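Chemist: no sequence on this one, just coordinates:
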């Protein structure tokens, strides 16, 4: 059996990627359990509103008549109240997955690489939810403004802003402190951080695509039949696609784990807090489970 991963230690590019999968594998059952406990409601709400929105779009598509001027279509026809409700729930769902995963890792480290209880997780989740939600709103606005002004500043800010949430939860910090600390940590490490996020993004996109691909092919075939033979596009394809899409959101856990490991790596390299904790534990019998020799 593999020894439990020590979170607070410096890692290179490859170690962050490999330890992301190792940590998730070692804690797969509790992570999935807490995923459904703390994110399950938002998962169901996102799925339900997404299915409703897709069915409304499907009905407009099936009722479209190229020879009529009364078609329920237009440049803004897709932006219905249901569309914005589905968008709201998917954003809250991703927010809840982020808070759940970061709370798990923060408690895991505090407890000496032990799995936190549901009560401990709930305490962290409800305590940080509004703080992280407010911070996410500010971060999103700043990143969008940077992208609108010029795409490059938006790309530059993305890996920096991603570190704000681990800092808030793990260090119990305010948004202002986390914002400044994220710039401090990423100094001279922007490219490696960006590289990890790009690689993880590609891996997760491929995994999600493989999961959704069968139903997407089915839906595309239904659309083709509608265009060539006038048959109605199947609601079943829409429902199955939406369900599989919601299931693919579980891969977001891997993305948050990778981001958190980046934070631990950068923080340890800059501050050495994990090393000081191990020094203070000498002779107490409370050392971490992972005793692999580290290089500094």
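Modeler: Sure thing, it's come through. All of these numbers come straight from a predicted model, not from anything done at the bench. Residues are numbered from 1 along each chain as shown.

Chemist: distance of residue 250 relative to residue 37?
Modeler: Distance of residue 250 to residue 37, computed by CB to CB, to the nearest Å: 13 Å. C-beta coordinates here come from the backbone N, C-alpha and C atoms, glycine included.

Chemist: mind checking which of these two has more residues around it?
Modeler: residue 250 (18 against 14; other CB atoms under 10 Å).

Chemist: from residue 256, how far off is that one?
Modeler: Counting by CB to CB, the gap from residue 250 to residue 256 is 11 Å.

Chemist: what mean pLDDT does stretch 265-285 get?
Modeler: Mean pLDDT, computed over stretch 265-285, is 64.

Chemist: repeat that for stretch 152-165.
Modeler: Taken as a whole, stretch 152-165 carries a mean pLDDT of 90.

Chemist: before we move on, what about stretch 172-180?
Modeler: Averaged across stretch 172-180, pLDDT comes to 94.

Chemist: what residues sit buried inside that stretch?
Modeler: 173, 175, 178-179 (16 or more other CB atoms under 10 Å).

Chemist: what would those look like in a markdown table with secondary structure and distance to residue 54?
Modeler: Output for those, formatted as a markdown table (DSSP: H, G, I helix; E, B strand; the rest coil; distance: CB to CB, whole Å):
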| residue | secondary structure | distance to residue 54 |
| --- | --- | --- |
| 173 | coil | 40 |
| 175 | helix | 35 |
| 178 | helix | 37 |
| 179 | helix | 37 |
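
Chemist: looking at those residues, spot the one nearest residue 90.
Modeler: Nearest to residue 90 among these: residue 175, at 22.9 Å, using CB to CB.

Chemist: my read: the closest one touches residue 135, true?
Modeler: Yes. At 4.5 Å, residue 175 and residue 135 qualify as touching, with contact defined as CB atoms under 8 Å.

Chemist: overlap in contacts, those two.
Modeler: Residues touching both residue 175 and residue 135 by CB atoms under 8 Å, 6 or more residues apart in numbering: 164, 168.

Chemist: for the residue most central in space within the chain, list the residues it contacts.
Modeler: The residue lying closest to the centre of the chain (CA atoms, centre = their mean) is residue 252, at 3.7 Å. Remark: with contacts taken as CB under 8 Å, 6+ apart, residue 252 is in contact with 94, 97-98, 101, 204.

Chemist: how many neighbouring residues does residue 124 have?
Modeler: Neighbours of residue 124 under the rule other CB under 10 Å: 21.

Chemist: residue 79 too?
Modeler: 11.

Chemist: same question, residue 168
Modeler: 24.

Chemist: check residue 130 too.
Modeler: Using other CB under 10 Å, residue 130 is surrounded by 9 other residues.

Chemist: mind telling me what element it is part of?
Modeler: Assigned by DSSP states H and E, residue 130 falls within helix 118-149.

Chemist: name the residues of that helix that come out as buried.
Modeler: Applying 16+ other CB under 10 Å to helix 118-149 flags 120-121, 124-125, 128-129, 131-132, 135-136, 139, 142-143, 146 as buried.
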